[in-house]
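S.K.: Coordinates for the following, if possible.
(one chain, ligands or ions: 1)
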Amino acid sequence: MNPANERSHEAQRSSPSSQSFPSRPLADLLGPPPGESYADLHVHTTGSDGLCEVRDWSSQARSTSLQLIAITDHDHFGTVRRWHDAHRDVADNVLPGVEITARGQIVHIGVLFPRALPRELPAPGTPLFDVMHWARSIDGAIVVLVHPLPGLWRIQLRRLQRAGLLPDAIETHFPLAFWRTPAIERAAERYHLAKLGATDAHMTPAQLGRYVTCFPGHSVDHLVKAIHERTTRGVTRPVACRLPLSVYALQSLFAWLLPYRDRPSIASIRARLLTAARARTGAPPAGTLVPLPPQPAPGDGAGR
Ligand SMILES: [Fe+2]
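M.R.: Here you go, the predicted model:
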């Protein structure tokens, strides 16, 4: 690509995504109360099974009333690490994180890294208690029980409490929470956990902000303080985002093939699925799936 075209291409990729994705004027009018901010702390990128890149989510957040987002790819940290390495000198609105799959493939633990970044991640399927010990070893890490699973989350919390390994927070407002939100909120109070809202968005930036965390202040430090003081709250907002069923089907295939992404033939299929799915969301055709570098080896990558 010649330099002029490359600049044009880059400008298109960097332009606010609100011009390319469905607009949400009602939700954007409903900002947080004075002195408070909204954060969406659970979002996936092409680094795992999401259809968007970090820049897509970040641009959409900037064009709406979202102050912060957290990138929490499944068992993968390289994508958001690269983003932070590239934006080290500028204030940005992206909090690095990860969603760890603990043993049994049924326990997902979100870990946010407001201070130090991890040197390595536990392998998928690591026992839950080991995951919690790993998270607690990272300076400033915030541990979240994400989208509590029906029939399991109460047992998980009891076990974690007995082991002295309770998370800092629990998602109370998230897709498919439905009638369970009040019970999860009561449990959050019983176990003294911060209450969070998050979309677990995979498809399009227009999904951002339906479920959010409201916190006093506006910065990452304010968010961390609010989580530690248990003053956050989950909120459901009138953000509507309807996508063709084909997007969900394509994204599902894209996700199912994730464990095999290192195989060249599978990587090629995933790239085509990604392109097709993004086209159906109205996203710019710029979301090329690039080969991912291996996770940093133990000892690499000092904390920020
Ligand atoms: Fe997730």
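S.K.: so what's Leu95 closest to, chain neighbours aside?
M.R.: Closest residue to Leu95 apart from its sequence neighbours, by CB to CB, 6 or more residues apart in numbering: Ala70 at 4.2 Å. Just so you know, the C-beta spots here come from the backbone N, C-alpha and C atoms, and that holds for glycine as well.
S.K.: Mind checking the pLDDT average for the strand or helix carrying the one you found?
M.R.: Using DSSP states H and E, Ala70 falls within strand 66-74. Mean pLDDT, computed over strand 66-74, is 95.
S.K.: Check stretch 166-180 too.
M.R.: On average, stretch 166-180 scores 94.
S.K.: now do stretch 192-208
M.R.: 95.
S.K.: Likewise for stretch 281-293?
M.R.: For stretch 281-293, the mean pLDDT works out to 58.
S.K.: before we move on, the earlier item: please tell me I have it right and the residue nearest to Leu95 contacts Leu41.
M.R.: Yes - Ala70 is within contact range of Leu41, at 4.1 Å (criterion: CB atoms under 8 Å).
S.K.: Need the residues touching each of those two.
M.R.: Common contacts of Ala70 and Leu41 (CB atoms under 8 Å, 6 or more residues apart in numbering): 95, 97, 110, 112, 198.
S.K.: Flag every residue of the stretch 1-150 of the chain that's near the ion.
M.R.: Proximity of the stretch 1-150 of the chain to the ion, by CB under 5 Å from the ion, involves residues Glu99.
S.K.: actually the stretch 151-300 of the chain, sorry about that
M.R.: Residues of the stretch 151-300 of the chain lying near the ion by CB under 5 Å from the ion: Asp200.
S.K.: need the strands for the stretch 151-300 of the chain, in chain order.
M.R.: Under the criterion DSSP state E, counting those that start in this stretch, the stretch 151-300 of the chain contains strands at 169-173, 194-197, 211-216, 233-236.
S.K.: Need those in TSV (columns: distance to Asp139 and mean neighbour count).
M.R.: Shown next, in TSV, are those (distance: least, CB to CB, whole Å; neighbours: other CB atoms under 10 Å):
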stretch	distance to Asp139	mean neighbour count
strand 169-173	18	27
strand 194-197	19	28
strand 211-216	21	25
strand 233-236	26	19
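S.K.: Would you check how far apart the closest residue to Leu196 other than its chain neighbours and Asp92 are?
M.R.: Nearest non-adjacent residue to Leu196, counting by CB to CB, 6+ apart: Thr213, 4.5 Å away. Using CB to CB, to the nearest Å, Thr213 is found at 18 Å from Asp92.
S.K.: where does the chain dip in pLDDT?
M.R.: 1-29, 89-91, 104-106, 284-304 (pLDDT under 70).
S.K.: Regarding it, what is its longest helix?
M.R.: helix 264-281 (DSSP state H).
S.K.: returning to what we had before: redo the shared contacts of Ala70 and Leu41 as a markdown table? Include secondary structure and distance to Arg180.
M.R.: Below are the shared contacts of Ala70 and Leu41 laid out as a markdown table (DSSP: H, G, I helix; E, B strand; the rest coil; distance: CB to CB, whole Å):
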| residue | secondary structure | distance to Arg180 |
| --- | --- | --- |
| Leu95 | strand | 26 |
| Gly97 | strand | 23 |
| Gly110 | strand | 18 |
| Leu112 | strand | 23 |
| Ala198 | coil | 15 |
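S.K.: and which of the residues you listed is nearest the ion?
M.R.: When the shared contacts of Ala70 and Leu41 are ranked by distance to the ion (CB to the ion), Gly110 comes first, at 7.5 Å.
S.K.: My guess is the closest one contacts Pro148. True?
M.R.: No - the criterion here is CB under 8 Å, and Gly110 misses it with Pro148 at 11.4 Å.
S.K.: anything in contact with each of those two?
M.R.: Common neighbours of Gly110 and Pro148 (CB under 8 Å, 6+ apart) are Glu171.
S.K.: of those two, who's got more company?
M.R.: Gly110 (27 against 22; other CB atoms under 10 Å).
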